[in-house]
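# show me how the following folds:
(2 chains)
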Amino acid sequence: MSGLWIGVLGFAGLLVLMALRVPIAVAMIVSALVGYGWLAGLTPLLAHLKTAPYSLFSGYSLSVIPLFVLMGMFASEAGMSAALFRAADAWLGHRKGGLAMATIVGCAAFGAICGSSVATAATMAQVALPEMRRYGYSGAISTGTLAVGGTLGILVPPSVILVVYGLICEQNIAKLFAAAFIPGILATLGYLVAIAIYVRRNPSAAPAAARSTPEQRRRGLIEIWPVVAIFVIVVGGLYAGIFTPTEGAAVGAFLTFILALMKRALGWNRLKRALILTAETSGMIFLILLGADLFNSFLALSHLPDALASTISGLDLPPYLVMLAIMAIYIVLGCVMDELSMILLTLPILFPIVMGLDFGLPRAEVGIWFGILVLTVVGIGLVAPPVGLNVYVISGMARDVPMSETFRGVMPYLCADAVRVFYLVAFPSVSLWLVRFLG
Amino acid sequence: MAESSADHSRLGRVLEQGSTALALAGGLVLTALMLMSIASIGGRWLFSKPLPGDFEMVEIGTGLAIFLFLPTCQLHGANVIVDFFTTGLSRRGQSWLDAFGGLLYTLVAALFAWRLVFGGLDYLRYGEKTMILGLPLWWSFVLIIPAAAWLALVTAYTTLRHVQAAQR
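I've put the predicted structure just below:
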């Protein structure tokens, strides 16, 4: 049997194992081991395994991930979402749908110090959910807003998904963060417009809350400046080349930790919880990274990725059509599987295909732009039915709202997302403008 | 039967406490790396003198921390699965599948622990050292191999729990 067919079989075996509830990372490892052993033989496989897990876990570039996770956990355990939500609430709360708008803006701001969508959704829910229910917001809109707002945790830099993309595809992480900035703001504005349109049609779903005094508004702004400062230091320092991504994440985690201590918000128990949650999330991410690494070593042996890339570029399809098709594949895949595993499995195959197409852009820019597009569809996958990780998390917290209600609440935002995906595909300069401007 | 389940819960408590201790140790390693990076950046900026070997320390520390994190991750069910295709199954059927997944993970974890022993021995035999500080690499394997073995133990336990749930 040729290597190509073994590669295809390996993929099929992986999909079957995943469908049978085997943890995704384990499914990748098992199919990779079988395939690798088949293609290369047992002795090389056993020799490869002597150091493969250690070499991967101890790679310098990957160390940025647990540190960004730690930063986000410090921020969420210290309840920094509360200050951000209150500040946004003071300015927006008195409008119809204002608390939902405040939730979105608060999530976007929290996303600037947290790179994880689940952490953003969960921590913002603790403050925003009781507030929205108190003012009589419908279950659909309050939970839907939180699930969608959580995705701003990754859409706004720093972003763990974007870091993973940068590492896999060998793209500059500072440039990726800069490129994600404007699309992140666009996402936020798009969601605000979606709320405004939704409440015009369903006024009773999101009544106006109390108006804040000018004093409260001023105090709100004073509360959020440290968060802005941390964001500027981390992303700015990264961009200016003052530190490596790992060091940037260390600085961010450190500043967030200091801020939490100054607010006296991080006692021993919360600190312990932050460390345990960091362990769970980092362990989960690295096991998937290991699975994907082994699986991709196997795929490379089978030459399947090269063969697919040359076939697709040989078809001479219109590049933008191929890009839209890739986005469609991601949205469909994201409906049933975990987003991190999805991009880790597909990028080794899809990235060479994309880089082989001519979009009328320099190759370096295509790599950055594609990263932003992948990030966008990952965000959609986190909230789109039937399987949306963020929706699960929020449903777990809002016991009185059925999950179907939450998915219903997500719908208006998905319309905004659809517009944004189309816009970002059609106009690469939206993602690339800031990168070009900063040089 | 009641007695054996009490035994399992005692075993479960030991595994939980042990895994928590490992995860916290890993968290402290990570926090130490964070502080060391700050010190190194500060040294580089103020005196143009970074800490020597800071990158190596980060590498060794992260490698160790991740191995310490994995048992807690498995014990708390944080490893993601696709449940889309099996929602129609009975709870019992799902538990059997989860036991199957747990069994695969146990085999993988045991395989890793076994191979890491030889990886560590290779490093020891060839006297493999880091570039700048000259730290011997086999040293971290002394901590990593037990952590990997503990992971295999934890995965075996979670598999057993799924089998019990399937039989209930």
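# model confidence over the biggest helix by length in chain B, on average?
Ordering each helix of chain B by length in residues (DSSP state H) puts helix B:2-47 first. Mean pLDDT, computed over helix B:2-47, is 87.
# for it, packing partners?
Here helix B:2-47 touches helix A:64-77, helix A:245-262, helix A:268-302, helix B:54-75, helix B:138-167, going by 3 or more C-beta pairs under 8 Å, 6 or more residues apart in numbering or on different chains; DSSP states H and E. Glycine gets a C-beta too; all of them are placed from N, C-alpha and C.
# can you name the residue of the stretch 1-150 of chain A nearest chain B?
Closest contact between the stretch 1-150 of chain A and chain B, by C-beta to the nearest C-beta, is at A:Ser58 (2.9 Å).
# okay, now the unreliable bits of the chain?
As the question left the chain open, I've gone with chain A. Applying pLDDT under 70 to chain A flags the ranges A:1.
# could you do chain B instead?
Counting by pLDDT under 70, chain B contains low-confidence residues at B:1-8.
# check the helices and strands packed on helix B:2-47 for me and report the most buried one.
Comparing these by mean neighbour count (mean count of other C-beta atoms under 10 Å in any protein chain shown), helix A:64-77 ranks first with a mean of 28.
# that older thread, ok, the closest residue to the residue of the stretch 1-150 of chain A closest to chain B other than its chain neighbours - contacts?
In space, and not counting its chain neighbours, A:Ser58 is closest to B:Gly63: 2.9 Å by C-beta to C-beta, 6 or more residues apart in numbering or on different chains. Residues in contact with B:Gly63, defined by C-beta atoms under 8 Å, 6 or more residues apart in numbering or on different chains, are A:54, A:57-58, B:140, B:144.
# and if we set it to 6 Å?
The contact partners of B:Gly63, by C-beta atoms under 6 Å, 6 or more residues apart in numbering or on different chains, come to A:54, A:57-58.
# over to A:Arg217?
Neighbour list for A:Arg217: A:90-91 [criterion: C-beta under 6 Å, 6+ apart].
# just to revisit the earlier point, quick check, the residue of the stretch 1-150 of chain A closest to chain B in contact with B:Met57.
No. Using C-beta atoms under 6 Å as the test, A:Ser58 is too far from B:Met57 to be in contact (10.7 Å).
# quick revisit: distance check, the residue nearest to A:Ser58 against B:Ala21.
B:Gly63 sits 19 Å away from B:Ala21, going by C-beta to C-beta, to the nearest Å.
# now A:Met101
Distance of A:Met101 to B:Ala21, computed by C-beta to C-beta: 44 Å.
# so B:Asn79 sits right up against A:Pro23, yeah?
Yes. In this structure, B:Asn79 is within contact of A:Pro23 by C-beta under 6 Å, at 4.1 Å.
# sorry, back to before: I'd like the helices and strands packed on helix B:2-47 written out as JSON lines, with distance to A:Ser431 added.
Output for these, formatted as JSON lines (distance: least, C-beta to C-beta, whole Å):
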{"stretch": "helix A:64-77", "distance to A:Ser431": "21"}
{"stretch": "helix A:245-262", "distance to A:Ser431": "19"}
{"stretch": "helix A:268-302", "distance to A:Ser431": "25"}
{"stretch": "helix B:54-75", "distance to A:Ser431": "30"}
{"stretch": "helix B:138-167", "distance to A:Ser431": "40"}
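# tell me which parts of chain A are close to chain B?
Proximity of chain A to chain B, by C-beta under 6 Å from any C-beta of the partner chain, involves residues A:18-24, A:26, A:29-30, A:49-51, A:53-54, A:57-58, A:60, A:63, A:66, A:70, A:243, A:247, A:250, A:253-254, A:275-276, A:278-280, A:282-284, A:286, A:336-338, A:387.
# where does chain B come near chain A, residue by residue?
By C-beta under 6 Å from any C-beta, the residues of chain B that approach chain A are B:23-24, B:26-27, B:30, B:34, B:37-38, B:41, B:55, B:58-59, B:62-63, B:66, B:69-70, B:72-73, B:76, B:78-82, B:84-86, B:97-98, B:101, B:104-105, B:108, B:112, B:115, B:118-119.
# where's the residue in chain B sticking out farthest from the centre relative to B:Phe55, distance?
What lies farthest from the middle of chain B is B:Phe47; by C-alpha atoms, centre = their mean that is 37.8 Å. Here B:Phe47 is placed at a distance of 18 Å from B:Phe55 (C-beta to C-beta).
# quick check: the gap between the residue nearest the centre of chain A and A:Glu339.
Nearest residue to the geometric centre of chain A (C-alpha atoms, centre = their mean): A:Ile154, 3.6 Å. Distance, A:Ile154 to A:Glu339, using C-beta to C-beta: 9 Å.
# cool, and A:Ala208?
35 Å.
# neighbour-wise, which of the two wins?
A:Glu339 (25 against 15; other C-beta atoms under 10 Å in any protein chain shown).
# what's near enough to touch the more buried one?
The neighbourhood of A:Glu339, defined by C-beta under 6 Å, 6+ apart, consists of A:378, A:381.
# which stretches in the stretch 301-439 of chain A count as helices?
A:304-315, A:319-336, A:339-355, A:363-381, A:389-397, A:403-426, A:428-438 (DSSP state H, counting those that start in this stretch).
# among those helices, which is the most enclosed?
helix A:363-381 (a mean of 23).
# between A:Met101 and B:Ala21, which one's more packed in?
Using other C-beta under 10 Å as the criterion, A:Met101 and B:Ala21 rank with A:Met101 on top: 24 against 13.
# give me the neighbour count for the nearest residue to that one once chain neighbours are set aside.
In this structure, A:Met101 finds its nearest non-sequential neighbour in A:Leu92, 4.5 Å apart by C-beta to C-beta, 6+ apart. When neighbours are defined as other C-beta under 10 Å, A:Leu92 has 22 of them.
# in stretch A:232-239, what's buried?
Going by neighbour count (16 or more other C-beta atoms under 10 Å in any protein chain shown), the buried part of stretch A:232-239 is A:233-235, A:237-239.
# and stretch B:90-102, by the same measure?
Judged by neighbour count (16+ other C-beta under 10 Å), stretch B:90-102 contains these buried residues: B:94-102.
# mind putting these into TSV with secondary structure?
Listed next are the buried residues of stretch B:90-102 as TSV, based on DSSP: H, G, I helix; E, B strand; the rest coil:
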residue	secondary structure
B:Gln94	helix
B:Ser95	helix
B:Trp96	helix
B:Leu97	helix
B:Asp98	helix
B:Ala99	helix
B:Phe100	helix
B:Gly101	helix
B:Gly102	helix
